[in-house]
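S.K.: below are the sequence and a predicted model for it; my questions follow.
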Amino acid sequence: MFNWFSKNKAKPEEVTPEAVQTQQALEKTRTGFLSKLSRLFTGKRQIDAAFLDELEEVLLTSDVGVETTVQIIENLEKRVSKEAYVSQDELHELLADEIAKLMPDISSPVAQDLSLNGASTPYVVLVVGVNGVGKTTTIGKLAHHYAQLGKKVVLGAGDTFRAAAVEQLTIWQNRAGVSIVSHGMNTDPASVAFDAVKKAVEENADVVIIDTAGRLHNKVGLMNELSKIRRVVEKFKPDAPHEVLLVIDATTGQNAFEQAKQFTAATQVNTLAVTKLDGTAKGGVVIGVSHAYNLPVKYIGLGEKAEDLKLFNKYDFIKSIFVS
């Protein structure tokens, strides 16, 4: 049996503050998941059909999701002899390996990190998600991170149906010291996106981050609005938006799957940000949504401060769940 954790273990001097913070933030998820696995092993001496049925229940109640759970179980069945005894540590190894394989990595043309090395500029990010998931706050934190790296940032206040969204984004704009395009309440979101990208092109900005409305009550309206925004953005940047970032709230558990379903149907989502991972036991939703909709996780939110929005590392995340 190979040692997954040793294979993916950083040297002591390479352990980053981000990895430590991820482990601390996932304490509730880790405690709940490992305690369920420990109970599962009580009195067991082999991995048989009954054991796999119980493991399936553990994964489902950990918010991993049906599709991903079924895939994990099927993969484990292929790898584990039903006659041989597998220890709890060995099962952790196998689960970690299967989860890592199921979570996609970021691919071109999306920028791998905040440096924007090799990315087309202005780099246009369209941010989508339902109201209340931390979408506007995530945009503000991203603006802060980019500004700290010396990038010239333009924000587009495209959630024009919610007064608080425009006000909130303006507050973040002032904190980060970046530019903003805002037409106020009840105006055309596409016109905001158009002017934001136009401003970025004319002023040689590095990044444009566009907020959007988070209404799901009218799927047709949502799709039409997002499609219109994409069309106007393409007028100034034919290859844009480069990144369509879906923001989901980890505390909502299974509701996050429905949100991902709606938004991936409405627009070409290609990255994922998961907020409020600190203090929730539902961190398994990160695995399920990423796999089910083939969405690489790019950011995770581990707290309220701007610095608490972190670039995602799936190996740190998986180790944080399994290693006490």
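M.R.: Perfect, I can see it now.

S.K.: ok, residue 66 - how many residues close by?
M.R.: 14 (other C-beta atoms under 10 Å). C-beta here means a position set from N, CA and C on the backbone, and glycine is covered the same way.

S.K.: now it: closest residue in space that isn't a chain neighbour?
M.R.: Closest residue to residue 66 apart from its sequence neighbours, by C-beta to C-beta, 6 or more residues apart in numbering: residue 60 at 6.8 Å.

S.K.: and what of residue 140?
M.R.: residue 172 (2.8 Å).

S.K.: ok, that neighbour - how many residues close by?
M.R.: When neighbours are counted by other C-beta under 10 Å, residue 172 comes out with 21.

S.K.: quick one: residues contacting it.
M.R.: The contact partners of residue 172, taken as C-beta atoms under 8 Å, 6 or more residues apart in numbering, are 136-137, 139-141, 143-144, 155.

S.K.: helix, strand, or coil at it?
M.R.: helix (DSSP: H, G, I helix; E, B strand; the rest coil).

S.K.: and it, what's its pLDDT?
M.R.: We have a pLDDT of 94 for residue 172.

S.K.: can you check the one 10 residues further on too?
M.R.: The pLDDT attached to residue 182 in the predicted structure is 95.

S.K.: again with residue 11
M.R.: Per the predicted model, pLDDT is 52 at residue 11.

S.K.: kindly report the same for residue 217.
M.R.: 50.

S.K.: repeat for residue 5
M.R.: At residue 5, the model reports a pLDDT of 68.

S.K.: if we can go back for a sec, how close does the residue nearest to residue 66 get to residue 42?
M.R.: Distance, residue 60 to residue 42, by C-beta to C-beta, to the nearest Å: 19 Å.

S.K.: cool, and residue 74?
M.R.: Distance, residue 74 to residue 42, by C-beta to C-beta: 25 Å.

S.K.: more crowded one of these two?
M.R.: Using other C-beta under 10 Å as the criterion, residue 74 and residue 42 rank with residue 74 on top: 11 against 6.

S.K.: quick one: the strands in the stretch 201-324 of the chain?
M.R.: Assigned by DSSP state E, counting those that start in this stretch, the strands in the stretch 201-324 of the chain fall at 207-210, 243-249, 271-275, 297-301, 309-311.

S.K.: of the ones you listed, which stretch is the most buried?
M.R.: Greatest average neighbour count among these goes to strand 207-210 (a mean of 29), per mean count of other C-beta atoms under 10 Å.

S.K.: what strands flank that strand, and is each parallel or antiparallel?
M.R.: Strand pairing for strand 207-210, using DSSP bridges, gives strand 123-128 (parallel), strand 153-156 (parallel).

S.K.: in stretch 87-105, what's buried?
M.R.: Residues 90-100, 102-103 are the ones in stretch 87-105 that count as buried (16 or more other C-beta atoms under 10 Å).

S.K.: cool, and stretch 54-65?
M.R.: Buried residues in stretch 54-65, defined by neighbour count with 16+ other C-beta under 10 Å: 54-56, 58-60, 62-65.

S.K.: which of those fall within strands?
M.R.: Counting by DSSP state E, no part of those is found in strands.

S.K.: could you dump the residues you listed to CSV with pLDDT and distance to residue 166?
M.R.: As requested, the buried residues of stretch 54-65 are exported to CSV (pLDDT from 0 to 100; distance: C-beta to C-beta, whole Å):
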residue, pLDDT, distance to residue 166
54, 89, 50
55, 90, 47
56, 93, 45
58, 90, 44
59, 91, 41
60, 92, 40
62, 87, 38
63, 89, 33
64, 92, 37
65, 92, 34
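
S.K.: can you tell me which of those lies nearest to residue 122?
M.R.: Ranked by distance to residue 122 (C-beta to C-beta), those are led by residue 65 at 35.5 Å.

S.K.: surely that closest one touches residue 288?
M.R.: Yes: in this structure residue 65 lies within contact range of residue 288 using C-beta atoms under 8 Å: 3.0 Å.

S.K.: mind checking which of the contacts of residue 172 land in helices?
M.R.: Members of these lying in helices (criterion: DSSP state H): 136-137, 139-141, 143-144.

S.K.: show me where this structure has helices.
M.R.: Under DSSP H, the chain gives helices at 4-7, 17-25, 27-41, 49-61, 66-79, 88-102, 135-148, 163-176, 189-202, 219-236, 255-266, 285-292, 314-322.

S.K.: out of those helices, which gets nearest to residue 117?
M.R.: Proximity to residue 117 (C-beta to C-beta) singles out helix 135-148 among the helices of the chain, at 13.3 Å.

S.K.: just checking, what packs against the closest one?
M.R.: Judged by 3 or more C-beta pairs under 8 Å, 6 or more residues apart in numbering; DSSP states H and E, helix 135-148 is in contact with strand 123-128, strand 153-156, helix 163-176, strand 207-210, strand 243-249, strand 271-275, strand 297-301, strand 309-311.
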